[in-house]
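In: My questions concern the predicted model and sequence given below.
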Amino acid sequence: MKRHALAIDGPAGAGKSSVAKLVAKRLGYVYIDTGAMYRATTYKALKLKIDITDPEAFGFLATTAMVFHDDVLFMDGEDVGQKIRTHVVSNNVSVVASHIPVRNQLVALQQRIAETADVVMDGRDIGTVVLPVADLKIFMTATMEVRARRRHEENLLNGIESDYGKILKDIERRDRIDSSRSYNPLKQAEDAVYLDTSHLDIEAVAETIYNMFTKITSREKGENQNGKQS
């Protein structure tokens, strides 16, 4: 049976996760937050006190279990949903995510998940690397100021200490690192739909993407039925 996939890419704080969760719930698909997987890797590396600048220091990933339950990431059986959202993790995740061995291991895991379930997956390289044949690819972005404000408000909502100015500087730095890395950089896939959400609310964006996706899958279903009838 063919599995369906929706790929959502974009820079930090664009609202990808919030939108992806809403669309996945409406479709009845599994939501995969790949950014959380890189954060979890960073969290564990810091906990193990390894040198996070060393690409070869992440051998622990070979025996690390990552599973999503109800949109929450469990690593080695532990709910790490809140623990991976700290400032120290945010300040180091782009460095960890730039390492080729780390990306290769996590991309392989993400692809295995997509082979066994219908998914909505968001991240930095989903449409270009992880799911190049996704049914629909979206490149979602917003101004840095809007993205910083959204992340700041999200932190406060989750009871996490937050400083808008620091978040804005961190987003500027992460944009630079994510876009300039030589391996699997953040970029828009050639066949992705560009969507600037600076002046749109999350519900409106989710509705737009849901309608685009269901139009594509409905058309495919109709073509398959016609093919069987002929």
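Out: Received the coordinates, thanks.

In: List the contacts of the spatially closest residue to Ser162 that is not a sequence neighbour.
Out: Leaving aside its chain neighbours, Ser162 sits nearest to Asn155 (3.7 Å; criterion: CB to CB, 6 or more residues apart in numbering). Backbone N, C-alpha and C define where each C-beta goes, glycine included. When contacts are counted by CB atoms under 8 Å, 6 or more residues apart in numbering, Asn155 touches Arg85, Glu161, Ser162, Ile167.

In: ranges for the helices of this structure?
Out: Remark: helices assigned in the chain by DSSP state H are 16-27, 34-48, 87-97, 100-116, 144-157, 164-180, 202-229.

In: what distance separates the third one from the centre of its chain?
Out: When you say that, I think you mean helix 87-97. 15 Å (CA atoms, centre = their mean, to the nearest Å).

In: Run through the neighbouring helices and strands of that helix.
Out: Here helix 87-97 touches helix 34-48, helix 164-180, going by 3 or more CB pairs under 8 Å, 6 or more residues apart in numbering; DSSP states H and E.

In: phi, psi of Tyr29?
Out: Here is the backbone geometry of Tyr29 (degrees, to the nearest 10): phi -100, psi 170.

In: hang on, isn't it packed against His4?
Out: Yes: counting by CB atoms under 8 Å, Tyr29 touches His4, with 7.3 Å between them.

In: so what's in contact with those two at the same time?
Out: Asp118, Val119.

In: what number of residues lie near the closest residue to Leu156 other than its chain neighbours?
Out: Excluding its sequence neighbours, the residue lying closest to Leu156 (CB to CB, 6+ apart) is Ser162, at 5.4 Å. Neighbourhood size, Ser162 [other CB atoms under 10 Å]: 16.

In: tell me the contacts of Ser162?
Out: Arg151, His152, Asn155, Leu156.

In: Tell me who's in contact with the closest residue to the first one other than its chain neighbours.
Out: In other words, Arg151. Using CB to CB, 6+ apart and skipping residues adjacent in sequence, the residue nearest Arg151 is Gly13, 4.4 Å away. Applying CB under 8 Å, 6+ apart to Gly13 gives the contacts Ala142, Val146, Arg147, Ala148, Arg150, Arg151, Ile167, Ile171.
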